[in-house]
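**Q** build me a structure from this.
(4 chains)
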There are 4 protein chains.
Amino acid sequence: MKLIVEKDYEAMSQVAANILLGLMSESRRVNLAITAGNTPKRLYEIMVPQVKGRPYFENVHYYNFDEIPIVGSQGYGITMRNLNDLYFGPANIKKEQLHPLDETNWQTQDARLKEAGGLDLILMGIGADGHFCGNMPGWTKFGSETYAVDISDADEARESLAAEVDGNLSKVPNEFYTMGPKSVMAAKHLVMFANGKKKAAIVKKAFFGEVTEDIPSSILQLHPNLTLILDQEAASELTNQN
Amino acid sequence: MKLIVEKDYEAMSQVAANILLGLMSESRRVNLAITAGNTPKRLYEIMVPQVKGRPYFENVHYYNFDEIPIVGSQGYGITMRNLNDLYFGPANIKKEQLHPLDETNWQTQDARLKEAGGLDLILMGIGADGHFCGNMPGWTKFGSETYAVDISDADEARESLAAEVDGNLSKVPNEFYTMGPKSVMAAKHLVMFANGKKKAAIVKKAFFGEVTEDIPSSILQLHPNLTLILDQEAASELTNQN
Amino acid sequence: MKLIVEKDYEAMSQVAANILLGLMSESRRVNLAITAGNTPKRLYEIMVPQVKGRPYFENVHYYNFDEIPIVGSQGYGITMRNLNDLYFGPANIKKEQLHPLDETNWQTQDARLKEAGGLDLILMGIGADGHFCGNMPGWTKFGSETYAVDISDADEARESLAAEVDGNLSKVPNEFYTMGPKSVMAAKHLVMFANGKKKAAIVKKAFFGEVTEDIPSSILQLHPNLTLILDQEAASELTNQN
Amino acid sequence: MKLIVEKDYEAMSQVAANILLGLMSESRRVNLAITAGNTPKRLYEIMVPQVKGRPYFENVHYYNFDEIPIVGSQGYGITMRNLNDLYFGPANIKKEQLHPLDETNWQTQDARLKEAGGLDLILMGIGADGHFCGNMPGWTKFGSETYAVDISDADEARESLAAEVDGNLSKVPNEFYTMGPKSVMAAKHLVMFANGKKKAAIVKKAFFGEVTEDIPSSILQLHPNLTLILDQEAASELTNQN
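**A** Predicted structure coming up:
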């Protein structure tokens, strides 16, 4: 594991941008899976003006690693809609470079990735409960490849997801889709980033504690090429360990 | 995971030799950790005449991934003694190419490997109980790097080890040393091989079942570059799964 | 450059087989361009029984790096016909794994290779005149990608090619096709092999002398990953230089 | 070759910074050879605040690819002095990370680089005469590794170098040192950048014309992993070719 601690969210986002833009500049096909959510907002703001209108980045192919379909809607699910708003749209990424994972094709996600040469890099955030992608404590098995998660009875999860669809619980599906630990571990480089005090405890547990399915992201410690990027707050509980 | 099934022990050994000799032929430094024991006997017989006296293989550096010191003895422990008998001696490997792990240096094994550029490949066998290297069910934690295993009270283990030192229990040490799962997962390529009916059940469990510390080698499923080489007998319980 | 000198043709062929079989054992797609002619005969004899009927080698894709069409014939040209006789046929390689270069598609050879991820390895022999692939002294430009060579007036070349088609000069085409130096240099690993006294002088000039278009294969010295495999006779003029 | 055209010097410098910072973020040892001179000034300004005081970049080792000693001076030659002023000094790079090439060690430069795992990336500029590093038209041989260039009679070169040492011709040495084409081609990634109208003609000739020792940088076309970064002015003669 390479540990990078930067002073704040801005600096952390810049370091993540450097890693992505550096890789994207290679001349061969580059396959990236990137994260939606709050953590990457500044990252995408930094990247958009450096990516938009650049034909030399057409070798980059984008994947999402999880998706929550919106009931009654035709288009993207919650993840791709968010990625589109933050990055694909503003950066004018061409349709041919996007490879959405969704309810129609999750069963072939791992085979399609393998056929395309595998993921070169996955950029992920960590949840305060230790989840990564859609791998939550309680239902995560380290041996899983891309799978469907039944949330028809998971009331807490449903309510949290409803916030993404105007608070409308009827738009929350009965299942969502995520790459599992085995699928994620197959990538050549994993980048995890986290900022803020609220992540300090889980960062310590997940990356400097025991490897256990109760803290799903603890498995990422075992990847041969993991980069962990933190701001000082997220790193604040590591002081005596490094 | 790449699964290779060959018809018998001879063919399995030849495939493993091809992979090792191919990698060793690269022009840069190559770091290998290789296994002692019974499974690799034929492999080393195939390799010795192709390696002995070849200056163009001096770029290859050899590591052992575990060691059981012999009480009262000055030289190699059980693992290095065995590797020396099977391969290093007959192939005339130079001292400068050997990097023994032992009781004096196990605490720096991971740091030394990192400094040397990391292991390019680890060749391992699997125990009928699912162990790999010295990672046995009962004491294996997935998050461990190279560690010492206290066997002062492990009577069964002590008796089994005594067989390696003329049945003399007083030569069996109180602790031995092994690279842990985290250290092994850090290598660029893992090769596991197994032959014979007696391995068929564990092969199925470890590589096609749940990832759990009760079956230590099950973690290897999650490595991005794992090759599993079996003879037909070791693969015999996989028939309906592939 | 990695220089490998073996005692004879048999040992040289075995080393080349180890390198090819080792690479082919990787789990990802592997793209190989391999040579026809006399030098690889023993190599393919060694490989056939280890490749035939092995589903785990279906990740390997084969390319030819030059082709001489046979006038009035429908099928393969001279190169692919020879490769088919020596290797693809006896090893039962599937059609889907073969990517023939011919008169209909040479203009897209470089683009198709790039799209497929590039060549992982090219195995080549050297001519007594220093040519490699179809890059002969007299017409070779280091900057060329795949190109057509006009031999309508090259009487010597036509007669030499006629020997491949029952001595029938009317079957020799007016042009043939070859990957140029730039296309060859784009591969990740180059392996050149040579045996016999008659190659000793050109081996010394091409790999230990000046880089010049008059000795086309001299450019290969500049590849970052070149392996040169010789028997003792082909290496006999190098004695004082290494 | 990957061609990147950006609108101006600022954008070109940012792209080069992304590529360097991305590579430097890897967890393994990274070996860089970087260029002195005018072209990289803005690049180093962008990099310094992102590198200074970052322990996570201590895996990066820096090399210079040429050196002109200053007669009568004890310290760095012209190249290292310039790199120190622009980057090593302001970024507080530790001595242990610097590996100066100079008059005392140029004969072992290639061996030392090989021992260290080879260069991961070389960043270079191009001269209006097509030179790269110290490989000038007139004395460049494609087959050269690191070599000494005798400039005792090269009046024009001596005068141009005098400008770097307060116009004092007596400080200009009789020979300087440079990695040759063969040494440069051995690196894993080559990055060449150029800006301004005055480079437009040579960029076209060197990268889209014939490969010839008269235009030394034309050899770089043959590297399997070359990135060419231009501003619009330097790319202005390429318009009809891409």
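
**Q** now residue A:106: closest residue in space, sequence neighbours ignored.
**A** Once flanking residues are discounted, residue A:106 sits nearest to residue A:177: 4.1 Å by C-beta to C-beta, 6 or more residues apart in numbering or on different chains. Just so you know, the C-beta spots here come from the backbone N, C-alpha and C atoms, and that holds for glycine as well.

**Q** can you tell me what sits against the strand or helix carrying that neighbour?
**A** Assigned by DSSP states H and E, residue A:177 belongs to strand A:175-178. Contact partners of strand A:175-178, identified using C-beta atoms under 8 Å, 6 or more residues apart in numbering or on different chains, comprise A:65-69, A:77, A:101-103, A:106, A:109, A:133-135, A:146-152, A:161.

**Q** mind running it again at 10 Å?
**A** A:64-69, A:77-79, A:101-107, A:109, A:131-136, A:139-140, A:144, A:146-152, A:157, A:161, A:184 (C-beta atoms under 10 Å, 6 or more residues apart in numbering or on different chains).

**Q** so what's residue A:66 bridging to?
**A** residue A:178 (DSSP bridges).

**Q** how close does it get to chain C?
**A** Using C-beta to the nearest C-beta, to the nearest Å, residue A:66 is found at 25 Å from chain C.

**Q** and that residue, what pLDDT?
**A** You'll see residue A:66 listed with a pLDDT of 97.

**Q** wait, what's in contact with it?
**A** A:33, A:35-36, A:77-80, A:101, A:106, A:132-135, A:146, A:149, A:176-179.

**Q** related to what we said a few turns ago, quick one: buried residues of the strand holding residue A:177?
**A** A:176, A:177, A:178 (16 or more other C-beta atoms under 10 Å in any protein chain shown).

**Q** and those residues as a markdown table, adding distance to residue D:217?
**A** Below are these laid out as a markdown table (distance: C-beta to C-beta, whole Å):
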| residue | distance to residue D:217 |
| --- | --- |
| A:176 | 53 |
| A:177 | 50 |
| A:178 | 49 |
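
**Q** just the closest of those residues to chain D, please.
**A** The closest of the buried residues of strand A:175-178 to chain D turns out to be residue A:178 (C-beta to the nearest C-beta; 26.4 Å).

**Q** quick one: residue A:50 and residue A:22 touch, right?
**A** No - contact between residue A:50 and residue A:22 fails when scored by C-beta atoms under 10 Å: they sit 11.5 Å apart.

**Q** where does chain A have its least confident helix or strand?
**A** Of all helical and strand segments in chain A, the minimum by mean pLDDT, DSSP states H and E falls on helix A:155-162, at a mean of 88.

**Q** and that one, what's buried?
**A** In helix A:155-162, counting by 16+ other C-beta under 10 Å, buried: A:157, A:161.

**Q** what about it, distance to the chain center?
**A** Helix A:155-162 has its C-alpha centroid displaced from the chain centroid by 19 Å (C-alpha atoms, centre = their mean, to the nearest Å).

**Q** what's in contact with it?
**A** Against helix A:155-162 from outside (C-beta under 10 Å, 6+ apart): A:68, A:70, A:78, A:134, A:136, A:138-139, A:149, A:151-152, A:154, A:167-174, A:176.

**Q** please spell out the PyMOL selection for the buried subset of these.
**A** To isolate the buried subset of the contacts of helix A:155-162 in PyMOL, counting by 16+ other C-beta under 10 Å, use the following:
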select buried, chain A and resi 68+70+78+134+136+139+149+151+154+171+172+173+176
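
**Q** flag every buried residue along the longest helix belonging to chain A.
**A** Across chain A, the longest stretch assigned as helix under DSSP state H is helix A:9-24. Within helix A:9-24, the residues scored as buried using 16+ other C-beta under 10 Å are A:9, A:11-24.

**Q** same deal with stretch A:112-123?
**A** Buried-residue list, stretch A:112-123, by 16+ other C-beta under 10 Å: A:113, A:114, A:117, A:118, A:119, A:120, A:121, A:122, A:123.
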